[in-house]
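> following is a predicted model, sequence given first.
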Amino acid sequence: MRYLELLNKYTTIAKYRGLEEEAVKLIVAELSDMTQTEVYLHYNDEVSPLLVDKIISSLEKYITGYPAQYILGYTYFYGLKLKVCEDVLIPRFDTEVVVEQALKVASFYKEPKVLDICTGSGAIAIALAKNGISAVDALDISKNALKIARINAKENDVKIRFFESDLLRNVKEKYDILISNPPYIENNAKDVDKMVLDHEPHLALFGGIDGLDFYRAILKDAKDYLKPGGSIIFEIPYDKANEIRSIALMYFKNIQIEKDLANNDRVMIIS
Ligand SMILES: C[S@@+](CC[C@H](N)C(=O)[O-])C[C@H]1O[C@@H](n2cnc3c(N)ncnc32)[C@H](O)[C@@H]1O
């Protein structure tokens, strides 16, 4: 089978099923060890017999609604390659804006010490450590997520202290910056993408009746874990900035909201 035929067949099926044609191209390129442009240049070539079965079975899995990143076993985040599996949320593009803002905030501290709460794959913590923050700790309640995060830190050559904790319960030190992308989908939300709902860990998704339980819990205790002049940085759901601001104002004075590339409220910086 030629690349052209393979791509035509599976992009058509993906489109028909409301899935992403881009994901089909990504799977084909990654499994062929080529860039998408290189695949394009090899359109009329036969797919190697050694690869064709693997690519077809992966594409068949994708068109049943299984996430491309879990099929490949990795994704890219802030220029880093991260291992992912069903134990961790697939790091999202929007979260890169949180890292970007955190690096700006961190530049105001001398040797900032940072704690990533709800680290999952370790995406935020690793991106920060890779970009010049030398003291990064990270926690998650999930042992399995922490296993993946540790592998990701090792493969990206950064030193992070990971530990298991139910939010701040096992935290023993104080930090300049607490950062978190906590679960924030409303428990009864009806509009959650089926691919997300069926395959990503529910522990990483749902944040209580109004989706804000984790913000409440972290903000309530945050002062005990912040050094004087410390900051909290949250990823926030684009439509809940006002509610989260009101909760934050119960404990802190300064609230700044930053937008993502789609111009939605996405990051809250609290001090
Ligand atoms: C939305 S994911 C964020 C993952 C990662 N930080 C990212 O941005 O891609 C939320 C994470 O919170 C973790 N989590 C859920 N409840 C928790 C709790 N009570 N304490 C600590 N972590 C928790 C989940 O295991 C999951 O890894």
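Sure, I can see it. Residues are numbered from 1 along each chain as shown.
> from now on I want contacts and neighbour counts done on CA atoms only, so please keep to that.
Noted.
> got the end-to-end distance for stretch 136-147?
Distance between the boundary residues of stretch 136-147 (CA to CA, to the nearest Å) amounts to 17 Å.
> mind jotting down where the strands sit in the stretch 101-250 of the chain?
113-117, 135-140, 161-164, 175-180, 226-235 (DSSP state E, counting those that start in this stretch).
> with mean neighbour count added, can I get those strands in a markdown table?
Below are the strands of the stretch 101-250 of the chain laid out as a markdown table (neighbours: other CA atoms under 10 Å):
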| stretch | mean neighbour count |
| --- | --- |
| strand 113-117 | 25 |
| strand 135-140 | 24 |
| strand 161-164 | 18 |
| strand 175-180 | 24 |
| strand 226-235 | 20 |
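> with distance to the ligand and mean pLDDT added, can I get the ones you listed in CSV?
Listed next are the strands of the stretch 101-250 of the chain as CSV, based on distance: least, CA to the nearest ligand atom, whole Å; pLDDT from 0 to 100:
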stretch, distance to the ligand, mean pLDDT
strand 113-117, 6, 98
strand 135-140, 4, 98
strand 161-164, 8, 98
strand 175-180, 6, 98
strand 226-235, 8, 98
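> contacts only, for residue 10.
For residue 10, the set of contacting residues under the criterion of CA atoms under 8 Å, 6 or more residues apart in numbering consists of 21, 24, 59, 63.
> farthest-apart pair in those, please.
Maximum pairwise distance among the contacts of residue 10 (CA to CA): 10.9 Å, between 21 and 59.
> in the stretch 51-200 of the chain, what residue lies closest to the ligand?
Nearest to the ligand, among the residues of the stretch 51-200 of the chain, is residue 120, at 3.2 Å (CA to the nearest ligand atom).
> of residue 21 and residue 59, who's got more company?
Here residue 21 and residue 59 are compared on neighbour count by other CA atoms under 10 Å; more neighbours surround residue 59, at 25 against 17.
> shouldn't that one be in contact with residue 29?
No. Judged on CA atoms under 8 Å, residue 59 makes no contact with residue 29 at a distance of 11.7 Å.
> centre of the chain versus stretch 99-111, how much separation?
19 Å (CA atoms, centre = their mean, to the nearest Å).
> contacts for it next, please.
The set of residues that contact stretch 99-111 without belonging to it, under CA under 8 Å, 6+ apart, is 112, 124, 127-128, 131, 133-135, 176-177, 179, 233, 267.
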